[in-house]
Structure formats: C-alpha cells, structure tokens
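A.B. asks: Predicted model and sequence follow; I will ask about them next.
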Amino acid sequence: MSLDSVQSAAAEQFGRQSHRYGKGHILADVSDVIAALNRFSLPSPAHVLDVATGAGHTGLHCASLGHDVTCADIAQPMLDRVNEAADERGLKVMTRLHPAESMPYPDGTFDLVTSRVAPHHFSSPESFVREAARVLKSGGHLLVIDGNIEDGDPVAEEWSHRVETLRDPSHHRFLSPAQWRALCAAAGLQTLHAALEPFKMPDLEWYFDTANTSPANRAAVLELVRNVPAEAQRQFNLAEENGKITWWWRRLTLIAAKPADAR
Ligand SMILES: C[S@@+](CC[C@H](N)C(=O)[O-])C[C@H]1O[C@@H](n2cnc3c(N)ncnc32)[C@H](O)[C@@H]1O
C-alpha cells in the first residue's frame, strides 16, 4: 500500500493509539449514527462499507442490525481492535486495510458507505467522495459524520485547524457543509441532508491523552485557548467546568444519495 505523507501520518498515529478508541471512548455512543440511519431506508440486509472504521463503532452497529459489513481502515491495529470487539459482541464483519482515497472494490458494490469522525484526516476528501460514489450501487447512500466548521468563518477555521493539528499531527482539515455539498455534487451524489449540531467535548486533557499530544504541543494549544478569538469562541463555546476545559465541536451529519438511474 503506497501512502502519501498525510495518510502515513494517520496510519502511524492511529496504529499507535488504537487501544484508546474502544469501549470507554465517546465514539462508542452511536446515537448520532442511529439518528442518521433513521433518515433513509436500506435493503435488509444491506451491503455496508464503513471507511476509516477506527475501533469499529459505526460498522459494528450496522452489523448488529443484521447488515453485511466491511470495516476498512488505514491502520492495521485498528482493524485488530474491530475483530476483537466483533468476537466479543458475537458479530461478523469483514476487515480490509486500505486508504479512504482508493477503494479496492468493483463499481456498484455497496448500499451504504459510512465514514464517521475520520474524513478530517483524509489527504483527499475529493478522492474519498469520488470513490464512495463509484462503489455505491445506484440508489445507495453515503453517510458522513465529522467535525466541521460553519461556512464563511475563516478566523474560526484557522484557529481550530491550528488547535487540532497541534493536538494530533495527523489532522488534515475540517470542511464546511458547503464544501461537502460541492464534493458530493462533483461526484454525482445528491445531498439529502446536511446539518451541523453542537457536540460537547468533555475534557481537553482527555482529548490530549487520546492523541498522546506532546507536552510542548499541549502548552501551545492552551495558549491558543487562552487567546481564543471571538469568532472561534462563538462556534466552539469554550468553558471551564470542575477544572476541565470543555468545548462544543460542530458535528456535521451529511447524507447523500447516488441517483437510482446512475451507472
Ligand atoms: C477517530 S477514528 C474513527 C472513528 C470511527 N469511524 C467510529 O465511528 O468510531 C479515525 C480513523 O480514521 C482512520 N484514517 C485516517 N486517515 C485515513 C485514511 N486516509 N484512510 C483510511 N482510514 C483513515 C484512522 O486510522 C482512524 O482509525
């Protein structure tokens, strides 16, 4: 598998940190996935591809609904965590090692492609959406849930980009809803739903520990937090609660469909 520098950084970072993404992680709460899946219908069973599956919370939820699921990631240790969790929960999934930007499946394979809290690491979200559109069947759906930034707010975007990159060097870029819609349109997908919701991040120290952020970078992030510009504060609502720094991610849920008459 030949990887570009952004992909290599993600494979290395998440390969090292895979054990932090299991049961106790906030991503184990899949209420966002459940809410999104209630917005459209799927065949039963559906063929589902969960891209950048991490510890597999999204893919395993789909498998628990009886779907036929492939969990893919760029870091083999994450796929090992998925297989362990599947065994523990008595679920069956396939695991595949590949980048989101290049998918080793024939055209028209899946009814649903998902990617949750991962696309901000992708070196090319364009290639990811194009590949997702290619491997979807006609009438299939793409579901993206990810950290995001409101349209037209470059100051908040730059501030959050600096914070996220210091915290985890494999962070690449948050896209705005308009940017996601444009990527879908360019790939021939119709956006059915795109909504930003605030999502509470409970503790900056925990967030650092999850990424094994270096002491120097923690200090640099704290400096940025102390000097947060008004535009970023309006979006992220940073606060201190019981000695912990909390803030609110803007979480995008985007659902797009491949037209039924598309090839
Ligand atoms: C926060 S975890 C994903 C969480 C997971 N989707 C869930 O629902 O719990 C981010 C994952 O993205 C993967 N990743 C990052 N860049 C990738 C890329 N270009 N292709 C495939 N996987 C990637 C990482 O290896 C990591 O496992």
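C.D. replies: Perfect, I can see it now. Keep in mind the model is a prediction, meaning the values are calculated, not measured.
A.B. asks: in the chain, which spans are strands?
C.D. replies: Residue ranges of the strands in the chain, as given by DSSP state E, are 47-51, 68-73, 94-97, 110-116, 136-148, 190-201, 239-241, 244-257.
A.B. asks: isn't Leu91 right up against Gly66?
C.D. replies: No: shown here, Leu91 and Gly66 do not form a contact pair, counting by CB atoms under 8 Å, at 9.9 Å. All C-beta atoms are positioned from the backbone trio N, CA, C, and that covers glycine.
A.B. asks: Which one's more surrounded, those two?
C.D. replies: Each of Leu91 and Gly66 has its neighbours counted (other CB atoms under 10 Å); Leu91 has more, 18 against 11.
A.B. asks: Tell me which residues touch the more buried one, please.
C.D. replies: Contact criterion CB atoms under 8 Å, 6 or more residues apart in numbering gives 60, 63-64 as the residues in contact with Leu91.
A.B. asks: I'd like the distance between Trp249 and the ligand.
C.D. replies: Using CB to the nearest ligand atom, to the nearest Å, Trp249 is found at 12 Å from the ligand.
A.B. asks: any idea of the pLDDT on that residue?
C.D. replies: In the prediction, the pLDDT value recorded for Trp249 is 89.
A.B. asks: Leu222 too?
C.D. replies: In this model, Leu222 is scored at 97, pLDDT.
A.B. asks: burial of Glu241, as a residue count?
C.D. replies: A count of nearby residues for Glu241, using other CB under 10 Å, gives 10.
A.B. asks: I meant Val228, not that one.
C.D. replies: Neighbours of Val228 under the rule other CB under 10 Å: 18.
A.B. asks: Identify the residue spatially nearest to it, adjacent ones excluded.
C.D. replies: In this structure, Val228 finds its nearest non-sequential neighbour in Leu238, 5.8 Å apart by CB to CB, 6 or more residues apart in numbering.
A.B. asks: Tell me which residues touch the one you found, please.
C.D. replies: Going by CB under 8 Å, 6+ apart, Leu238 touches 225, 228, 245-247.
A.B. asks: coming back round to it: which members of the contacts of Leu91 are classed as buried?
C.D. replies: Neighbour counting over the contacts of Leu91 (16 or more other CB atoms under 10 Å) leaves 60, 63 as the buried ones.
A.B. asks: any idea which of the contacts of Leu91 is the one closest to the ligand?
C.D. replies: Of all the contacts of Leu91, the one with the least separation from the ligand (CB to the nearest ligand atom) is Leu60, at 9.0 Å.
A.B. asks: so what's that closest one scoring on pLDDT?
C.D. replies: For Leu60, pLDDT reads 98.
A.B. asks: Could you list the low-confidence segments of the stretch 151-263 of the chain?
C.D. replies: Within the stretch 151-263 of the chain, the segments meeting pLDDT under 70 span 263.
A.B. asks: Smallest distance to the ligand belongs to which residue of it?
C.D. replies: When distances are taken as CB to the nearest ligand atom, the stretch 151-263 of the chain approaches the ligand most closely through Ser170, which lies 6.6 Å from it.
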